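# got a predicted model here, sequence first, then my questions.
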Amino acid sequence: MKILLVEDEHKIANSIKQGLEQEHYVVDAAYDGTTGYDLAASGEYDLLILDRLLPGIDGLTICADLREKGDHTPIIMLTAKGQLADRVEGLNTGADDYISKPFAFEELLARIKALSRRPRDIVKSKLQVGDLVLDSDTYEVSRGGTKITLSAKEFALLEYLMRHKGKTLTKEQIISHVWNYDANILPNTVEVFVGYLRQKIDKPFDGTVLLHTVRGFGYKIIDSEERRAQSKE
């Protein structure tokens, strides 16, 4: 799951970012509204955390503009303004949740997980392709009942592939979603991590190969029945 955090207080932003990354989320941080809006408008994020008072463009304006453009990415608004009228204004602008500062990190984490479980959102906590199961709440992965241990980046890559099962994802799409936007990525980085995944989710098992290379395009994860169905189309 990839999150954009827009918070102008660097100490708070860096603390939240570090905490979320320890929970295996991929997090980009912006420290002003203009940069935050440009990143949010890219559509590369599963959830946005917006401070209300920001230099450049304020959080309410960012939220309202995204909703006007048809962007329904879940938004949590952070603010030092805790009055009822302020919370109502934020929610009416299009925010999905509202947290007043100061707040406990555990509360923010719980709000993020609660938003990801809402039926109207595309984000599901438990994903399955064939006999491969990934749980983004517990960070557990198993195949055929056998647990698989993954690094944080391997988990993020597998989750992204499984959320788009059956679809071919280019290296560029994978990099933009699994790595931070300012990360220094080498050309073969995706190939290396795909290789790591294959060694863990396919090679030890005698069943169907799930992770496939689509030569000249990218990678996809798909079970045997879906692959046969696609081949007939």
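Noted; the coordinates are in hand. Quick caveat, the model's predicted, so the values are computed rather than measured.

# quick one, phi/psi of A110?
Note on A110: its backbone torsions stand at phi -70, psi -40 [degrees, to the nearest 10].

# separation between it and S151?
25 Å (C-beta to C-beta, to the nearest Å). In this view, the C-beta of every residue, glycine as well, is placed from N, C-alpha and C.

# so for stretch 99-113, mean pLDDT?
Mean pLDDT, taken over the full extent of stretch 99-113, equals 90.

# buried residues in that stretch?
Across stretch 99-113, burial judged by 16 or more other C-beta atoms under 10 Å covers I99, L108, R111, I112.

# over to stretch 16-28?
Neighbour-count burial for stretch 16-28, counted by 16+ other C-beta under 10 Å, picks out I16, K17, L20, H24, Y25, V26, V27, D28.

# return the helix or strand in the chain with minimum mean pLDDT.
helix 224-232 (a mean of 62; mean pLDDT, DSSP states H and E).

# still on that earlier bit, now the buried residues of stretch 99-113 in a markdown table, with distance to K167 and secondary structure?
Formatted as a markdown table, the buried residues of stretch 99-113 follow (distance: C-beta to C-beta, whole Å; DSSP: H, G, I helix; E, B strand; the rest coil):
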| residue | distance to K167 | secondary structure |
| --- | --- | --- |
| I99 | 34 | strand |
| L108 | 31 | helix |
| R111 | 29 | helix |
| I112 | 25 | helix |
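
# show me what the nearest residue to E9 once chain neighbours are set aside is bridged to.
In this structure, E9 finds its nearest non-sequential neighbour in D51, 7.6 Å apart by C-beta to C-beta, 6 or more residues apart in numbering. In this structure, D51 bridges to L78 when assessed by DSSP bridges.

# list the residues that contact D51.
For D51, the contacting residues are V6, E7, D8, E9, G59, M77, L78, T79, by C-beta atoms under 8 Å, 6 or more residues apart in numbering.

# need the buried ones from these selected in PyMOL.
Applying 16+ other C-beta under 10 Å to the contacts of D51, the buried members can be selected in PyMOL as follows:
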select buried, resi 6+7+8+59+77+78+79
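
# got the phi/psi numbers for W179?
Torsion angles, degrees, to the nearest 10, at W179: phi -110, psi 150.

# just give the nearest non-adjacent residue to it, would you?
That would be I185: by C-beta to C-beta, 6+ apart, it lies 5.6 Å from W179.

# about what we covered before: closest one of the buried residues of stretch 16-28 to V178?
Using C-beta to C-beta, the shortest approach to V178 within the buried residues of stretch 16-28 belongs to V26, at 6.3 Å.

# can you give me the pLDDT of that closest one?
pLDDT for V26: 89.

# how close does it sit to V141?
Using C-beta to C-beta, V26 is found at 17 Å from V141.

# in a strand, L5, correct?
Yes: applying DSSP: H, G, I helix; E, B strand; the rest coil, one finds L5 inside a strand.

# next up, the contacts around it.
Going by C-beta under 8 Å, 6+ apart, the list of residues near L5 reads A13, I16, K17, L20, V27, D28, A29, A30, I49.
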